[in-house]
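Q: Mind looking at a prediction? Sequence and model below.
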Amino acid sequence: MRDEAKIRQQLESRLDELRLRVSAIEAEFRQPLDDDFGEQAVDREDDETLDAVELAAIAEIELIEDALTRLRGGTYGLCVSCGDEIAPKRLEALPACRLCITCAQAAEKA
């Protein structure tokens with residue numbers, strides 16, 4: 001049996017962490033560029049990396065928000081594709097996962 005309160009707390013804690021990360025990245029993007037062109041080039045390279053980190057965080061935020069919705073709706077732990085139960089070990093490793101291992105593997109091949 002799953003401890004839904006513990007799962008909710010884990011998901012909400014991770015969500016808070018990711019939102020702070022996104023806020024920090026957005027604050028970094030608002031910083032003015034250095035007058036030195038060499039420094040600007042370095043800053044722009046850093047911006048590309050930060051952009052990738054931000055996009056990954058936003059994608060994870062969406063997964064967590066979806067998992068919290070499923071938790072509230074009583075469908076957490078069920079594959080959104082086939083409706084089968086997601087293995088407890090998989091949920092332990094990836095608490096926001098939406099797919100059972102079979103459907104996840106099929107989605108990767110597609």
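A: Sure, I can see it.

Q: what separates the nearest residue to Val80 once chain neighbours are set aside from Asp46, distance-wise?
A: Closest residue to Val80 apart from its sequence neighbours, by Cβ to Cβ, 6 or more residues apart in numbering: Arg98 at 4.7 Å. Glycine gets a C-beta too; all of them are placed from N, C-alpha and C. Separation of Arg98 from Asp46 (Cβ to Cβ, to the nearest Å): 32 Å.

Q: spatially speaking, which residue is in the middle of the protein?
A: Centroid-nearest residue in the chain, with Cα atoms, centre = their mean: Glu60, separated by 1.1 Å.

Q: For that residue, pull up the helix or strand it's in.
A: Using DSSP states H and E, Glu60 sits within helix 37-73.

Q: Okay, now the unreliable bits of the protein?
A: For the chain, the stretches flagged by pLDDT under 70 are 1, 33-44.

Q: phi, psi of Glu85?
A: Note on Glu85: its backbone torsions stand at phi -70, psi 140 [degrees, to the nearest 10].

Q: actually Leu94, not the one I wrote
A: Torsion angles at Leu94 (phi, psi; degrees, to the nearest 10) stand at phi -130, psi 80.

Q: For it, grab the count of nearby residues.
A: 14 (other Cβ atoms under 10 Å).

Q: same check, this time on the one 3 residues further on
A: When neighbours are defined as other Cβ under 10 Å, Cys97 has 18 of them.

Q: how about it, what does it touch?
A: 63, 67, 86, 90-91, 104 (Cβ atoms under 8 Å, 6 or more residues apart in numbering).

Q: List the buried residues for the helix holding Glu60?
A: Within helix 37-73, the residues that count as buried by 16 or more other Cβ atoms under 10 Å are 43, 47, 50, 54, 57, 60-61, 63-64, 67-68, 70-71.

Q: Cool, thanks, talk later.
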